[in-house]
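Peer 1: Could you look at this predicted model? Sequence included:
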Amino acid sequence: MTFTVSVSADRVECRPDQPLLDAFLRGSVWMPNSCNQGTCGTCKLRVVSGEVDHGLSPEHTLTRAEREQGFALACQATPCSDTVVERLDTAPAGTVHALRDVVGTVSAIEDVARDTRRVLVTLDSPLEFSAGQYVELRVPGTDHRRQYSMANTPGESKQLEFHIRRQPGGVATDGWVFGTLSVGERVEMAGPLGDFRLDPEDAGPMILLGGGTGLAPLKSMVRQALTSAPDRAIHLYHGVREAADLYDMELFREWERAHPGFRYVPCLSDQSWSGRSGYVTDAFVEDFDTCRGYSGYLCGPPAMVDAGVKAFKRRRMAPRRIFREKFTPAV
C-alpha cells in the first residue's frame, strides 16, 4: 500500500512508514534537506491537503503551534493519506541526484591525524552526487546510520573518500570504524543527501572555512572548482586544535604550487607553532578587509559555523552567497 504525495507538479508514491523526504528524493524530486534527523528544520514544509504522522519530530524544531498550522518536517513525517505539500524554499542551482541505496567494499583505511581516519570505499556501481553532499552509512549489526561527507569529486563517483573522527564511546567510530572495520569489508549506504553543495553557476572567488573533519566536503568543492577553473581565486582555511589534528597539508601545498589562485591556511586554536594560531574565523577576518563578490562555504562544529557566518557578514559578504553545514557528533 502506498499514498501519492505531491509538491508543485511532481508526484511520487510513498509508503505509510516512509518519510516524505525519502520518497521525494528517491523520486528525483528536490526537497530542502540537511541533517535529516529532525534537528535542523531545513526540511520544514506546509501540508496543503491530506494528513501526516509527525513521528519523532522534536518539539523544539516543530512546535505544537506549527503542527496545528499545517507545518511538518519532511524527514520525520509519514503520510496517512494522499498528501499535497508546499515547499518553503526555492530549489538551489544544479542537478537533483536521486537518493539511492548502494553497496561498496572498503578498499583502504589510513590514520591521517590524531583520532582521524581516511576510509576509501569502492562502490559496486557509481553514485552521482554534487561536491559537498554526504551519504548515510549503515553501522553493521545495528539499526544506526551515520552521515559522512564525500571528500572526493563527483567525477570519482566509483570510489568514495570519507574523513572520520573518533567519537569516544561512539557506536560507529569506537565500535566499528576504529574497531572492527577492515579492508575488504562490505558497506551499505544511502545517498546522496544534503543541500550543502558547490554552486555550479558561480565562477567568482571563494572562501572556505572548515573545522576538523568538516574539511572533507570542502576538499571535494575545492577540487571540483579547480578542475573547472584552474586559475580561480580560492582560499581554504582549516581549523583544528593542535598540529596532530592536521592532515592533507602536503596535498594542499601541492595545489598551491599548481594553482596560483589557491591559498591554504591551516590554523591551530590550542597550540603555538610556526603557522597561524587562534580560531580559523579570526584568521579569516585578519586577512580580508572586504568580501564583496565572494562566496563563502562553512563546515564544522555548530559554534564554528555560527562564528563563520558572522565573520563573513562582518566582511560584507552577501548573505545569499553564504553556504553552511553543521557537523553534530553522534554516538
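Peer 2: Sure thing, it's come through.

Peer 1: CA atoms for contacts and neighbours, from now on please.
Peer 2: Noted.

Peer 1: residues contacting residue 232?
Peer 2: Shown in contact with residue 232 (Cα atoms under 8 Å, 6 or more residues apart in numbering): 203, 204, 205, 225, 226, 261, 262.

Peer 1: correct me, but the third one touches residue 291?
Peer 2: No: with contact defined as Cα atoms under 8 Å, residue 205 does not count as touching residue 291 (9.2 Å).

Peer 1: between the contacts of residue 232, which is nearest residue 235?
Peer 2: Closest approach between those and residue 235, by Cα to Cα: residue 262, at 6.0 Å.

Peer 1: these two touch, right, residue 276 and residue 264?
Peer 2: No: the criterion here is Cα under 8 Å, and residue 276 misses it with residue 264 at 11.2 Å.

Peer 1: if we can go back for a sec, in JSON lines, list the contacts of residue 232 along with distance to residue 131.
Peer 2: Formatted as JSON lines, the contacts of residue 232 follow (distance: Cα to Cα, whole Å):
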{"residue": "203", "distance to residue 131": "15"}
{"residue": "204", "distance to residue 131": "17"}
{"residue": "205", "distance to residue 131": "17"}
{"residue": "225", "distance to residue 131": "9"}
{"residue": "226", "distance to residue 131": "12"}
{"residue": "261", "distance to residue 131": "20"}
{"residue": "262", "distance to residue 131": "18"}
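
Peer 1: What about those residues, which are in strands?
Peer 2: residue 262 (DSSP state E).

Peer 1: Among the contacts of residue 232, name the buried ones.
Peer 2: 205, 225, 226, 261, 262 (16 or more other Cα atoms under 10 Å).

Peer 1: Report the contact partners of the first one.
Peer 2: Applying Cα under 8 Å, 6+ apart, we find residue 205 in contact with 232, 233, 234, 293, 294, 295.

Peer 1: Report the buried members of these.
Peer 2: 232, 233, 234, 294, 295.

Peer 1: how far out from the middle of the chain is stretch 215-223?
Peer 2: Relative to the chain's own centre, stretch 215-223 is displaced by 10 Å; criterion: Cα atoms, centre = their mean, to the nearest Å.

Peer 1: Residues in contact with that stretch: which ones?
Peer 2: 131-133, 149-153, 162-163, 197-198, 208, 210, 234, 238, 297, 299-300.

Peer 1: next one: stretch 244-254
Peer 2: Identification of contacts with stretch 244-254 by Cα under 8 Å, 6+ apart yields 112, 113, 114, 115, 116, 212, 240, 264, 266.

Peer 1: which among the residues you listed end up buried?
Peer 2: Here, 16+ other Cα under 10 Å leaves 112, 116, 212, 240, 264, 266 buried among the contacts of stretch 244-254.

Peer 1: Which member of the buried ones among the contacts of residue 232 is positioned nearest residue 170?
Peer 2: residue 225 (34.0 Å).

Peer 1: Next, the nearest residue to the closest one once chain neighbours are set aside: secondary structure please.
Peer 2: Closest residue in space to residue 225, ignoring its immediate chain neighbours: residue 232 at 7.6 Å, by Cα to Cα, 6 or more residues apart in numbering. Taking DSSP: H, G, I helix; E, B strand; the rest coil as the rule, one finds residue 232 in the coil state.

Peer 1: now residue 232: how far from residue 307?
Peer 2: Distance, residue 232 to residue 307, using Cα to Cα, to the nearest Å: 26 Å.

Peer 1: same deal with residue 95?
Peer 2: For residue 95, the distance to residue 307 - Cα to Cα - is 30 Å.
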